[in-house]
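> Here is the input, now give the coordinates:
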Amino acid sequence: MSAPGSRVGASAGHANASGNPWLIAVLVAFAAFMEVLDTTIANVALPYIAGGLGVSEDEASWVVTTYLVANAVSLTGSSYFALFTASSVLCGFAPNLQSLLVFRIMQGLGGGGMVPVSQSILAGAFPPEKRGQGFALFGIAVVVAPVVGPTLGGWIADNFSWQWCFLINGPVGVVALGLIGALLRESKDALADRKRFLQQGRAFDLVGFVLVATFLGALEIALDRGLEDDWFSSRFIVIASAICALAFVAMIPWELSRRNPMIDVRMVATRQFGASFLVMLGAGAILLATTQYLPQLVQQNFGYTATWAGLVLTPGGIVTVFMMPLVGQLTGKVQPRYLIAAGAAICAYAMYDMTKVNGDLGFWFFATSRIYIGIGLPLVFLPIIAASYDGVAPDKTDMASALINVARNTGGSIGISLANNVLAHREQFHQSRLVELANPSTSQYQNTLKQLMDYFTAHGSSLAQAQQQAFAWIGQQVQTQASYLAYVDVFWTLTLISLAAVPLALTLRKVKLGGQAAVAH
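Sure, this is the predicted structure:
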C-alpha cells in the first residue's frame, strides 16, 4: 500500500508489513470499524440533524440513504481512506442539508471499499496458518460496529451535538492514516502485477462500473425510500426501480463479454460462491434488521431511553467479542458448512424466541435474545469466507471480497426494508382486526368500560371525563397490542430467513482445512 490517501486497488493484498501483523490487524480493523459504525451512528441523531438544519425528519433521513447508496457503489471499486476522513469532518461543519448530503456521499464513496481492502491487507500481513485468528479480530469490528453505532450516536447527540457524530472520525482517521502509512509498503509482487496488467493492455471496465454502480445505487434508494414514499404509488420509486432493472439487465451481458469485468458474473453463478453470497445476504439482513428494530421496540413499547435501548444490545456485542477468536480457531478445524448451519440455526432460535414478545417482558428477555445472536452470527460471518473463497482463483480474491461485502450491505438494506414493510402493513392489519373485536355491543367490552370508568371516577374524574378516559385507554391498548403483534410478524419473517440459510449452507462442498481457509472478513 502506498502513502496514506493513495489509491488502494487489487494489489492491497500484497502489502508488505514492516511491523507486527497484529498491530496491522488492529489498525485496519479499527478503520473498518469506523466505516461500518457510520452506517448506523447517524440514525438516532436524525431528529437533532433535522432540528439543527431546519428541515423535516423525512428530509433528514436522506443523510442515511445517501451514505448507503455511495457505500454500495464504491464497494465494487477502490476507496480513499483520506477521503472518508476529510468528508467526515466536512459533514460535521455542513451549514445546510444540501451540503451535508454531498459530503455524506463523499464519505460513503471513501468508506465503501475500506472493508474489502482491509481484508486484502490482512491476507498479505498474516501467514496462512494465522489468517483465521487475524480475521477473527477484524470480524469483531465489522459485527460489533452496527451495535455500537446507535448507542454512541444517541449519547453524542444527547450530550454534545449531532455534528460530533461525524467530527470524531477526524482525529482518529488522521492518526490511523499515519500509522498505516508507516507500517505498510507496496510489495514487489504488487508492483510486478501492476506492470504486467498495463503491458497486457487490460483497461478499467468503466462501462461495467457505471452499470454496477447504477444497479446497486438505484436498488439502495428504492429499498431505503420505498416505505416513506409509498412504494410504487410514488413516481420517484417507480423511476428508481426501472433504472435498477435496466442497469441489471444491461450489466449481465456486458460483464459476461468482458475480458476484465468489474464483476465476474460467472463467479456469482457458481454453486459454492453463489450459495455463500446468498447466505451472506441473509446474515446481513439479520444483523442490521435486529440492530435497528430491537432498540426501536423497547423504546416505543416499553419506554426505554436511548441509553437503555443501547444497553439491550451490549451483552450480545460482548459475547461476539469472545466468540470471534473461538470461531477463528474452529474455522481451521471444522468444515465451514457445519459452522454456518449451526450459526444460522442459533439465529433462527433467537428470532423465534422474540416472537413471544408481550407487555410483561423485562430487560433480560431482550438482552438474552441478543446474546443468542451474538453466538450465532460469528459462526456465519467467519466460516462463510472460508467457503466463498474455496475454488476462487488467486487473482479473483479481491473481487470475491468485494462481492461478499456487497452481499452483507445489500442484505442489511433488504432486511431493514422488509422489516419496515412487515411492521407497517401488519400493524394496520392487526389494528383493524382488533377494532372489530372491540365491539361496544359485547358484554366483555361493556364490562371493561364500566371497570375503567369506575377506576377513573374513583381518582377524581367526572362521569363524562371518566368515559372519555376509558375510551382513550381502550384505543391505546388496541394500538399497543397491534404493535406487539406486528413485531411478532417481523421476528417470524427473520426466523424464516435464518432457517433458509441452514439447508443452503449444507449444500456447500467441503474445503481444505488447516488455517488457510479464512482469508477475508
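
> Now for the nearest residue to Thr270 once chain neighbours are set aside: which residues touch it?
Leaving out its chain neighbours, the residue that sits closest to Thr270 by C-beta to C-beta, 6 or more residues apart in numbering is Gly391, at 7.4 Å. All C-beta atoms are positioned from the backbone trio N, CA, C, and that covers glycine. Neighbouring residues of Gly391 by C-beta atoms under 8 Å, 6 or more residues apart in numbering: Thr270, Gln272, Phe273.

> Now do the SS call for Gly391.
coil (DSSP: H, G, I helix; E, B strand; the rest coil).

> From Ser432, how far off is it?
52 Å (C-beta to C-beta, to the nearest Å).

> mind listing the strands for the protein?
In order along the chain, the chain carries the following strands (DSSP state E): 15-17, 184-186.

> weakest of these by average pLDDT?
In terms of average pLDDT, strand 15-17 trails the rest of these, at a mean of 46.

> Report the buried members of the contacts of Gly391.
Among the contacts of Gly391, those buried by neighbour count (16 or more other C-beta atoms under 10 Å) are Gln272, Phe273.

> Out of the contacts of Gly391, which is nearest to Leu109?
Nearest to Leu109, judged by C-beta to C-beta, of these is Phe273 at 26.0 Å.

> ok, now which ones touch that closest one?
Contacts of Phe273 by C-beta under 8 Å, 6+ apart are Met267, Ser388, Gly391, Val392, Ala400, Leu403.

> got JSON lines for those, with pLDDT too?
Shown next, in JSON lines, are those (pLDDT from 0 to 100):
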{"residue": "Met267", "pLDDT": "80"}
{"residue": "Ser388", "pLDDT": "79"}
{"residue": "Gly391", "pLDDT": "75"}
{"residue": "Val392", "pLDDT": "73"}
{"residue": "Ala400", "pLDDT": "76"}
{"residue": "Leu403", "pLDDT": "80"}
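
> Kindly supply the PyMOL command isolating those of those that are buried.
The buried residues among the contacts of Phe273 can be selected in PyMOL (16+ other C-beta under 10 Å) with this line:
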select buried, resi 267+388+392+400+403
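
> Tell me the one of the contacts of Phe273 nearest Val102?
Using C-beta to C-beta, these come closest to Val102 at Leu403, 28.1 Å.

> wouldn't the closest one be in contact with Ser276 here?
No - contact between Leu403 and Ser276 fails when scored by C-beta atoms under 8 Å: they sit 9.3 Å apart.

> Need the overlap of contacts for those two.
Joint contacts of Leu403 and Ser276 (C-beta under 8 Å, 6+ apart) do not exist.

> show me what contacts Leu494?
Ala285, Ile286, Ala289, Thr290, Met351, Gly415, Ala419.

> per-residue pLDDT, it?
Looking at Leu494, the pLDDT reads 91.

> Could you do the one 5 residues further on as well?
Taken from the predicted model, the pLDDT recorded for Leu499 is 92.

> list the contacts for it?
Contacts of Leu499 by C-beta under 8 Å, 6+ apart are Ala344, Ala345, Ala348.

> top of those residues by neighbour count?
Of all the contacts of Leu499, the highest neighbour tally under other C-beta atoms under 10 Å goes to Ala344, namely 28 neighbours.

> Tell me the spatial nearest neighbour of that residue, not counting adjacent residues.
Closest to Ala344 by C-beta to C-beta, 6+ apart is Ala501, at 3.8 Å.

> What about that neighbour, how many residues nearby?
27.

> Now Asp390. Nearest residue, chain neighbours left out?
Val511 (4.2 Å).

> That neighbour contacts Ala387, correct?
Yes - Val511 sits in contact with Ala387 when judged by C-beta under 8 Å, with a separation of 6.2 Å.

> any shared contact partners between these two?
Counting by C-beta under 8 Å, 6+ apart, the common neighbours of Val511 and Ala387 are Pro336.

> Which one's more surrounded, these two?
Ala387 (27 against 20).

> For that one, give me its contacts.
Neighbours of Ala387 in contact, by C-beta under 8 Å, 6+ apart: Gln272, Ala275, Ser276, Pro336, Arg337, Ile340, Leu508, Val511.

> again, only this time at 10 Å
Applying C-beta atoms under 10 Å, 6 or more residues apart in numbering to Ala387 gives the contacts 272-273, 275-276, 279-280, 331, 335-337, 339-340, 505, 508-511, 517-518.

> Likewise for His425?
Leu227, Ala486, Asp489.

> So which of those residues wins on neighbours?
Neighbour max across the contacts of His425 (other C-beta under 10 Å) = Ala486, 20 neighbours.

> now the residue nearest to that residue when sequence neighbours are not counted: how far from Val207?
Nearest residue to Ala486 in three dimensions, chain neighbours excluded: Glu427, at 3.8 Å (C-beta to C-beta, 6+ apart). Remark: distance between Glu427 and Val207 (C-beta to C-beta) = 44 Å.

> Same check on Leu382?
35 Å.

> In terms of neighbours, single out the busier of the two.
Of the pair Leu382 and Val207, Leu382 is the one with more neighbours under other C-beta under 10 Å, namely 30 against 15.

> Show the low-confidence segments of the stretch 351-500 of the chain, by residue range.
394-395, 397-398 (pLDDT under 70).

> which stretches of it form helices?
363-389, 397-437, 443-458, 463-506 (DSSP state H, counting those that start in this stretch).

> Nearest to Asn301, out of these?
Of the helices of the stretch 351-500 of the chain, the one closest to Asn301 (C-beta to C-beta) turns out to be helix 463-506, at 5.9 Å.

> which residues touch the nearest residue to Ile156 once chain neighbours are set aside?
The spatially closest residue to Ile156, leaving aside those adjacent along the chain, is Trp164, at 5.0 Å (C-beta to C-beta, 6+ apart). Residues in contact with Trp164 (C-beta under 10 Å, 6+ apart) are Ala45, Gly92, Gly153, Ile156, Ala157, Gly170.

> Tabulate those in a markdown table, adding columns for pLDDT.
Formatted as a markdown table, those follow (pLDDT from 0 to 100):
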| residue | pLDDT |
| --- | --- |
| Ala45 | 66 |
| Gly92 | 81 |
| Gly153 | 74 |
| Ile156 | 79 |
| Ala157 | 72 |
| Gly170 | 82 |
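
> Which of those residues fall within helices?
Gly92, Gly153, Ile156, Ala157, Gly170 (DSSP state H).

> Which of those ranks first by neighbour count?
Gly153 (25 neighbours).

> ok, it to Ile168 distance?
Taken as C-beta to C-beta, the span from Gly153 to Ile168 is 10 Å.

> related to what we said a few turns ago, which one of the ones in helices among the contacts of Trp164 is nearest to Val55?
Distances from Val55 to those, taken by C-beta to C-beta, are shortest for Ala157, at 15.8 Å.

> quick revisit: for the contacts of Ala387, which ChimeraX command selects only the ones that are buried?
In ChimeraX syntax, the buried subset of the contacts of Ala387 is picked out as below (16+ other C-beta under 10 Å):
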select :272,273,275,276,279,280,331,335,336,337,339,340,505,508,511,517,518
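
> which ones are touching Asp489?
Here Asp489 is in contact with Thr355, Ala419, Val422, Leu423, His425, Arg426, Glu427, Phe429, His430 (C-beta under 10 Å, 6+ apart).
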